[in-house]
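Undergrad: sequence plus predicted model, see below.
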Protein chains: 2
Amino acid sequence: MSNIENLELAGSYREILRQALYVVRSIDADGELSTAQTSTLNMLAAAPQRISLIARNAGIRVPSATEQVTKLATAGLVERVPSNTDFRVVEVRLTTKGRQALDAANLRRNKTMAQAFESLSAHELESIKLAIPAIEKLNEALSP
Amino acid sequence: MSNIENLELAGSYREILRQALYVVRSIDADGELSTAQTSTLNMLAAAPQRISLIARNAGIRVPSATEQVTKLATAGLVERVPSNTDFRVVEVRLTTKGRQALDAANLRRNKTMAQAFESLSAHELESIKLAIPAIEKLNEALSP
DNA sequence: CTTGACCGTTAGGTAACCTAACTATTAGAC
DNA sequence: GTCTAATAGTTAGGTTACCTAACGGTCAAG
């Protein structure tokens, strides 16, 4: 497999990613939860996390994670729970309100996207399904 | 094909896109050209464009496109050329310096990505290649 | 019990978007 | 032909989500 081929692939890959991001952002611009807030909440939906882990998982710095959490906490969607084994650590977890808001936002947005999926052929749909794990792996390979 | 299945697909698709965004952004954080600047320049590399088309193609509003162009023009990477058929219109085109900067940035960044592609199996690589046109179509389906 | 590492917050700054309001030009109606 | 409505782009002002640097509190190891 030639390097030049991969270079071109990288170019188109980049380009469709950029487009896809704007698309997702415009779907998320419905005034409920921003894209960043949603992804933080989605992370917390799986399990409570300390600030530093939120940052690491989201690919952002700790102060940015603090900022996100503060915003969400002010809105009552998450709560800070001081760890009782290490008093430096703050665990962040979804509140009931947070889970409801997240579920509602996810449902509506994923519905919009699922509709678009239906405009694809079965073959095209399949190709996206197959690519997801590969892209996941690629993301990891490109992470620090 | 069930809706529920598509809903789940939408969720994972969203998630890997988010991750991919951070990855691309971190590759682009090399101080040369920002991700947004690069994508504007890439668009202009194909052909000169008026401001409103830059905005439309990039999925942003006209004032944001003006801002981007102003920034690039200040850096000497693009130039505004007033249309001589319609004096309201401004055509924006790459300067030589702009083309050089773009080529250099693209090469280095795509090289980084191409390296990561090589950590994938031939099968995984193929799945990404196949997915690109499908994602492109999906992007269009989700655009306003 | 002190020193160094670690966790999170605060302070201050920037890039990239947005909406609303403006200017200049064009095109269409009468 | 002129007046009006639409269009192209800019300006002004604001927000979000990131960043780095500097700080305070807590833990762990010598």
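TA: Nice, thanks for sending it over. Quick caveat, the model's predicted, so the values are computed rather than measured.

Undergrad: check which helix or strand A:Ile60 maps to.
TA: Using DSSP states H and E, A:Ile60 maps to neither a helix nor a strand.

Undergrad: so the nearest residue to it once chain neighbours are set aside, which state does it fall into?
TA: Leaving aside its chain neighbours, A:Ile60 sits nearest to B:Tyr22 (7.5 Å; criterion: C-beta to C-beta, 6 or more residues apart in numbering or on different chains). In short, each C-beta sits where N, CA and C put it, glycine included. Per DSSP: H, G, I helix; E, B strand; the rest coil, the local secondary structure of B:Tyr22 is helix.

Undergrad: so who does B:Tyr22 touch?
TA: A:58-60 (C-beta atoms under 8 Å, 6 or more residues apart in numbering or on different chains).

Undergrad: distance of it relative to A:Arg56?
TA: Note on B:Tyr22: its distance to A:Arg56, by C-beta to C-beta, to the nearest Å, is 11 Å.

Undergrad: stretch A:125-133 and chain B, any residue contact?
TA: Yes: shown here: stretch A:125-133 in contact with chain B (C-beta under 8 Å from any C-beta of the partner chain) through A:125, A:127-133.

Undergrad: now the residues you listed: which count as buried?
TA: The neighbour-count test (16 or more other C-beta atoms under 10 Å in any protein chain shown) applied to those identifies A:125, A:127-132 as buried.

Undergrad: closest to A:Asn42 out of those residues?
TA: A:Ile132 (15.9 Å; C-beta to C-beta).

Undergrad: isn't the closest one up against B:Arg14?
TA: No: the pair A:Ile132 / B:Arg14 is not scored as a contact, 10.6 Å apart, by C-beta atoms under 8 Å.

Undergrad: of the residues of stretch A:125-133 next to chain B, which is the nearest to A:Asp86?
TA: Within the residues of stretch A:125-133 next to chain B, the smallest distance to A:Asp86 is 35.3 Å, found for A:Pro133 (C-beta to C-beta).
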